[in-house]
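> pasted the sequence and its predicted model underneath.
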Amino acid sequence: MRFACSDYSPCEGLYLEDIQLVSSTDGITTSFCWEAYGSSVGLVHPSPCFSCNKSFIKQKVPSNSLQPF
């Protein structure tokens, strides 16, 4: 899962419920968040990178460490 949102207009109120993503090549599935905030409930795999409660935690990564798709 990739949630790459704008520094000036972040994604807020994201909600994930009962998601199980698997790789078609048997690789590891991962999540990435940039300026993305929300909550999740139930089984969510890979684990969401935003907080799972109402007190959202901002994940900040220096922009020079971002890699293109």
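Here it is on my side, so go on. Numbers count the residues shown, from 1 in each chain.

> where's the residue lying closest to residue 34 once chain neighbours are set aside relative to residue 21, distance?
Of all residues not flanking residue 34 in the chain, residue 4 sits nearest, at 4.7 Å (Cβ to Cβ, 6 or more residues apart in numbering). Any C-beta I mention is one placed from the backbone N, CA and C, and that applies to glycine too. Distance of residue 4 to residue 21, given as Cβ to Cβ, to the nearest Å: 16 Å.

> same question, residue 27
11 Å.

> in terms of neighbours, single out the busier of these two.
Legend: neighbour count by other Cβ atoms under 10 Å for residue 27 and residue 21, higher for residue 21 (11 against 8).

> strands along the chain, start to end?
2-4, 11-20, 32-34, 36-45 (DSSP state E).

> what are the buried residues along the second one?
In this case it means strand 11-20. For strand 11-20, the neighbour count (16 or more other Cβ atoms under 10 Å) marks 11, 14, 16 as buried.

> now do the contacts for the residue sitting furthest away from the middle of the chain.
Relative to the mean C-alpha coordinate of the chain, counting by Cα atoms, centre = their mean, the farthest residue is residue 25 (21.2 Å). Applying Cβ atoms under 8 Å, 6 or more residues apart in numbering to residue 25 gives no contacts.
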